[in-house]
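Q: Sequence plus the predicted model coming up.
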Amino acid sequence: MPQKTRDDVRNLAIIAHVDHGKTTLVDALLWQSGVFRDNEYVADRVMDSIDLEREKGITIMAKNTAIVYRGTRINIVDTPGHADFGGEVERTLKMVDGVMLLVDASEGPLPQTRFVLRKALESGLAPIVVINKIDRQDARTKEVLNEVYDLFIDLDATEEQLEFPVLYANARRGIVRRSPDGPDEPLTPLFEEILKTVPAPQYDDLMPLQLLITTLDYNDYVGRLAIGRVFNGRIIKGKDYGHCRLDGTVVKIRVTALYGYDGLKRVEIDEAGPGDIVAVAGLLSVTIGETISDAETPMPLPPITVDEPTISMIVSTNDSPIAGLEGQFVTSRKLRERLWKEILTNVSIRVEETGSADAFRVSGRGELQLAILIEMMRREGYEMSVGKPTIVTKEIDGKIHEPQEHLIVDCPESFVGVVTQKVGSRKGRMTRMVNHGTGRVRLDFRIPSRGLLGFRTEFLSETRGTGIMNHLFDGYVPWQGEIPSRATGALVSDRPGRTTANAIEHVQERGTMFIGPGDQVYEGMIVGENARSNDLDVNITKEKKLTNMRASGSDDAVRLVPPRTMSLEQALEFIKDDELVEVTPKAFRLRKKVLAMARRGRKS
């Protein structure tokens, strides 16, 4: 059947590794397309609308915007660059016909670049390559372009995909060059390349409406919104359609509101056609991957499939002695509702019941994805306890297999030995080493996912904060045997109360403290890291006794070492199997699963 094309629309996703400049480039595209007024105040990285995205400098949720250039509407999807949020990438690639691959002019293609590009090439999308940050002093544009070609060939790109156009950009300044040494121009060549390279949407006139739902949102006025792309047919506000669910049933719905995109805003429209990305209201319950089609002759599209989770952890209600004092939602019922709400909008998260009514197993792509979920729940007012992340194994041919990662380390030459030793002890195998002659070396490893649990903090300590590590899921391998975990023990409070400077001064000689004077503690709470391998129960609330006799020097000032503060990801990396992270809206604390010292069988 001959396909028709709609030439006034282009659908494009921007894909890249973390911090290569995707969101900054979208800012420049929006400004130069006239979306904003000249005197309008717009925050940097305007597409990063979630507080956590701004704080961490990464994109977590895929978002779309629309600009008009020479009468053509260009729908742009800004995708996450971290592989932990790969589920966002996989579903948004269903909405587009082409991708813009952004690569740092110094760092070149990194693991997440490989991940998102592989997904794009498998989907048959037309690529445009933009080498960004050409103003960097260590930029190596020619070498990076060769690395991009090698990556395309390695990923089995077709001949058509290998003939991609290349532009050189400085997204922060909003300029682009047609060649590395060419003159600086505004982003006009990039707009023209999008119209030329990205195919116009194709559709079949004889097919009924087919709208694939790829994202969910909520509006206070119209309720749940289903966002997706129209592949065939037209959708009209106020008409009845069939909602094709994943279980095969079809439910009749009425489109109560229909929205298109104009810049960053949603605007009400009466109808939409093939290639349009729209938000639909009127669905009471909806899941990502479902289809809106004709009510009489429904024809669902293939559902969205994503890679399986590799990391899981137990999330349970908080049962510490100070539970319920800081959080608004503390019961297992509220926890269950929130986790089940998450899997409606996040296709790469899995939530399962456990043998306990108060605990749930949450599985995802990586530690960062799970930590982001916990952090978002914490900010919403939830209290919970979180166990140590563990890997998700598979049985293949009767043998247990575990997930493996492709680890890329970038570090100064002087740290190559210690990094190789640390990765080797965690069952990692070096596959490649490249020295660019700049004083830094890039090392490639294959390592079990288990080996990376708790490794990032150790890696940053050993490289004095100068090392960069990135990793990407790389299939399953047979179980690799035991891998050593944290070598140090914990300093555990043996009683409840408030910490005192006097007690901390005496205890800090034993290791690294996590708390300062005046903090609330309870029996079984971890207050520091022991320098030795065993756990040590300590009295951290001991006050200085007053005497009638004062000796010279007895009132010397107390000297305390500043406590070590950890992020949520670092706390999850730190804990052992018998420990938990207590998470509340105001703080997170480390604790033993069994709080009572007598039941843990240890002595002070």
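A: Thanks, I have the structure now.

Q: so is the closest residue in space to residue 479 that isn't next to it in sequence in a helix, a strand, or just coil?
A: Of all residues beyond its chain neighbours, the one nearest residue 479 is residue 400 (4.7 Å), with distances taken as C-beta to C-beta, 6 or more residues apart in numbering. Glycine gets a C-beta too; all of them are placed from N, C-alpha and C. Taken by DSSP: H, G, I helix; E, B strand; the rest coil, the conformation at residue 400 corresponds to strand.

Q: likewise residue 199?
A: Three-state call for residue 199 (three-state DSSP): coil.

Q: Now do it against residue 11, distance only.
A: Residue 199 sits at a distance of 9 Å from residue 11 (criterion: C-beta to C-beta, to the nearest Å).

Q: Compare the two (neighbour count), which wins?
A: Using other C-beta atoms under 10 Å, the more surrounded residue of residue 199 and residue 11 is residue 11, with 24 against 13.

Q: and the more buried one, that's in a strand?
A: Yes. According to three-state DSSP, residue 11 belongs to a strand.

Q: Tell me the pLDDT of it.
A: The predicted structure scores residue 11 at 89 on the pLDDT scale.

Q: And residue 34, by the same measure?
A: We note a pLDDT of 56 for residue 34 in this prediction.

Q: before we move on, the earlier item: any common contacting residues for residue 199 and residue 11?
A: Shared contacts of residue 199 and residue 11, defined by C-beta atoms under 8 Å, 6 or more residues apart in numbering, comprise 97, 98.

Q: before we move on, the earlier item: mind listing what the residue nearest to residue 479 touches?
A: Residues in contact with residue 400, defined by C-beta under 8 Å, 6+ apart, are 393, 394, 478, 479.

Q: tell me which element residue 368 is part of?
A: Under the criterion of DSSP states H and E, residue 368 resides in helix 367-379.

Q: Distance from the chain centre to that helix, please.
A: Mean-position distance between helix 367-379 and its chain equals 9 Å (C-alpha atoms, centre = their mean, to the nearest Å).

Q: Over to stretch 585-597?
A: Stretch 585-597 has its C-alpha centroid displaced from the chain centroid by 26 Å (C-alpha atoms, centre = their mean).

Q: distance between the ends of it?
A: Using C-alpha to C-alpha, to the nearest Å, the span of stretch 585-597 from its first residue to its last is 27 Å.

Q: just to revisit the earlier point, tabulate the contacts of residue 400 (CSV), appending distance to residue 528.
A: CSV is the format used below for those (distance: C-beta to C-beta, whole Å):
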residue, distance to residue 528
393, 33
394, 38
478, 38
479, 34
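
Q: Mind putting those residues into CSV with secondary structure and pLDDT?
A: Putting the contacts of residue 400 into CSV (DSSP: H, G, I helix; E, B strand; the rest coil; pLDDT from 0 to 100) gives the following:
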residue, secondary structure, pLDDT
393, coil, 88
394, strand, 87
478, strand, 90
479, coil, 89
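
Q: Out of those, flag the one nearest to residue 586.
A: residue 393 (36.2 Å; C-beta to C-beta).

Q: so that closest one makes contact with residue 401?
A: Yes. Under the criterion of C-beta atoms under 8 Å, residue 393 lies in contact with residue 401, with a separation of 6.5 Å.

Q: Which residues are in contact with each of these two?
A: When contacts are counted by C-beta under 8 Å, 6+ apart, residue 393 and residue 401 are jointly contacted by residue 479.

Q: can you pick the most crowded of the contacts of residue 400?
A: Neighbour counts for these (other C-beta under 10 Å) peak at residue 393, which has 15 neighbours.

Q: Name all residues that make contact with it.
A: Applying C-beta under 8 Å, 6+ apart as the definition, the contact partners of residue 393 turn out to be 400, 401, 402, 403, 479.

Q: Three-state assignment for the residue nearest to residue 413 when sequence neighbours are not counted, please.
A: Nearest-residue entry for residue 413: residue 441, 5.4 Å, with adjacent residues in sequence omitted and distances by C-beta to C-beta, 6+ apart. Three-state secondary structure (criterion: three-state DSSP) places residue 441 in strand.

Q: Look up how far residue 476 lies from residue 441.
A: Counting by C-beta to C-beta, the separation of residue 441 from residue 476 is 29 Å.

Q: same question, residue 414
A: Note on residue 414: its distance to residue 476, by C-beta to C-beta, is 35 Å.

Q: Over to residue 293?
A: 37 Å.

Q: Who has more neighbours out of these two?
A: Neighbours around residue 293 and residue 476, counted as other C-beta under 10 Å, are more numerous at residue 293. The numbers are 25 against 18.

Q: Quick check: bridge partners of that one?
A: Partner residues in beta bridges with residue 293: residue 210, residue 242, with DSSP bridges as the criterion.

Q: Next, the contact list for it, please.
A: For residue 293, the contacting residues are 208, 209, 210, 211, 241, 242, 244, 250, 299, 300, taking C-beta under 8 Å, 6+ apart as the criterion.

Q: neighbours of the first one, just the number please.
A: By the criterion of other C-beta under 10 Å, residue 208 has 17 neighbours.

Q: Low-confidence regions, this protein specifically.
A: Across the chain, residues meeting the criterion (pLDDT under 70) sit at 1-2, 18-20, 22, 33-63, 80-90, 111-112, 306-307, 345, 546-556, 601-604.

Q: one more time with 50, if that's ok
A: 1, 36-50, 52-57, 59-60, 551-553, 603-604 (pLDDT under 50).

Q: for residue 240, what are its contacts?
A: Listed by C-beta under 8 Å, 6+ apart, the contact set of residue 240 reads 252, 253, 254, 255, 295.

Q: Mind listing what's buried along the one helix or strand the first one maps to?
A: Pointing back at residue 252 there. Residue 252 belongs to strand 250-254 when elements are defined using DSSP H and E. Along strand 250-254, the positions that meet the burial threshold by neighbour count (16 or more other C-beta atoms under 10 Å) are 250, 251, 253.

Q: Strand partners (parallel or antiparallel) of that strand?
A: Strand pairing for strand 250-254, determined by DSSP bridges: strand 240-244 (antiparallel).

Q: what's the spacing between the nearest residue to residue 446 once chain neighbours are set aside and residue 406?
A: By the measure of C-beta to C-beta, 6+ apart, the closest residue to residue 446 outside its immediate chain neighbours is residue 429, 5.1 Å from it. Counting by C-beta to C-beta, the separation of residue 429 from residue 406 is 11 Å.

Q: Pull up the overlap in contacts between these two.
A: Jointly contacting residue 429 and residue 406 under the rule C-beta under 8 Å, 6+ apart are 445, 446.

Q: Break down the stretch 251-400 of the chain into its strands, ranges please.
A: Using DSSP state E, counting those that start in this stretch, the strands of the stretch 251-400 of the chain run over 257-262, 265-268, 271-272, 277-281, 291-293, 311-316, 350-353, 359-364, 384-387, 390-391, 394-396, 399-412.

Q: No further questions, thank you.
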